[in-house]
Each structure stands twice: as C-alpha cells, then as structure tokens.
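**Student:** Structure of the sequence below:
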Amino acid sequence: QLQLVESGGGLVQPGGSLRLSCAASGFTLHYYAIGWFRQAPGKEREGVSCISTSYGGTYVADSVKGRFTISRDNAKNTVYLQMNSLKPEDTAVYYCAADFYGSSCAKDEYDYWGQGTQVTVSS
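**Tutor:** Here you go, the predicted structure:
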C-alpha cells in the first residue's frame, strides 16, 4: 500500500524555522517527483516546492524563495522541506504528494497524498 506520512509541523514564532519530513512506504521515492503543497483556511491548495525524479530538478514558489529548501534522501525514502524565516502568512496545513516520474509542481498531476501536517506561525 502506497503511503506518505508528513511530520515536523507545529507552532513557531515569526522568524523561526521548521523542517518537515515526508516519509514514503510501499513504494520507492526515487521514481517519483515529490511536491510540498499547502492550504490555508479559505484558500486553494498551492504548490510550495517540488523536486523531480532522481536528477533532482526543483521548483520553488516565489512566496517562499530564499527561505524554503526542498531535498530528498533516497536512501531513507524521505523528502524534506526546510523552512526558515517563517512568516505568519506561511500558516497552513502542509501536504506532501508524489507523482510517478513527474516533473511539474501542478497539484492535479500528483496522485498520492499524505494526510498533512499543521504549521502555525504566530507570536
């Protein structure tokens, strides 16, 4: 059974950092593009950062460029999202998703989704 499990969310003050993890089971991440998406209350789900299959090409949304970094550890079958200099507007539920041999960050292309992890940035 293909499964993605996110972890690492929580409450952090503005300017703080968090690292989200997306662990896969039942399949090998090596062959999948992995995307991080987020959804704030009342807003559409948006792509934050995505990393393609093994060659590692990445996409980063303008709103998080220079603050968020996506990386993958194929040996651990895990993808990470390092989030620095967090702002209140980063508050959302963050989801990871997988797309077999994908190369885009369009959410409709992603077939497998985790359950999400809440990130709250507040003083």
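**Student:** And the strands in the chain, which stretches?
**Tutor:** For the chain, the strands defined by DSSP state E occupy 3-7, 10-12, 18-25, 32-39, 46-51, 58-60, 68-73, 78-83, 92-100, 112-113, 117-121.
**Student:** Next, format the ones you listed as a markdown table and append mean pLDDT and distance to Ala106.
**Tutor:** Heads up, the C-betas are built off the backbone N, CA and C, glycines and all. Formatted as a markdown table, those follow (pLDDT from 0 to 100; distance: least, C-beta to C-beta, whole Å):
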| stretch | mean pLDDT | distance to Ala106 |
| --- | --- | --- |
| strand 3-7 | 96 | 18 |
| strand 10-12 | 98 | 28 |
| strand 18-25 | 96 | 18 |
| strand 32-39 | 96 | 9 |
| strand 46-51 | 96 | 7 |
| strand 58-60 | 92 | 10 |
| strand 68-73 | 94 | 16 |
| strand 78-83 | 97 | 17 |
| strand 92-100 | 96 | 9 |
| strand 112-113 | 96 | 14 |
| strand 117-121 | 98 | 22 |
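**Student:** Deepest-packed of those strands, please.
**Tutor:** Among the strands of the chain, strand 32-39 has the highest mean neighbour count (mean count of other C-beta atoms under 10 Å), at a mean of 24.
**Student:** What separation is there between the closest residue to Trp113 other than its chain neighbours and Gly66?
**Tutor:** Nearest non-adjacent residue to Trp113, counting by C-beta to C-beta, 6 or more residues apart in numbering: Ala97, 4.7 Å away. With distances taken as C-beta to C-beta, to the nearest Å, Ala97 is found 23 Å from Gly66.
**Student:** now do Tyr32
**Tutor:** Computed as C-beta to C-beta, the Tyr32 to Gly66 distance reads 26 Å.
**Student:** same deal with Pro14?
**Tutor:** With distances taken as C-beta to C-beta, Pro14 is found 16 Å from Gly66.
**Student:** quick one: which of these two has more around it?
**Tutor:** Between Pro14 and Gly66, counting by other C-beta atoms under 10 Å, Pro14 is the more crowded of the two (13 against 9).
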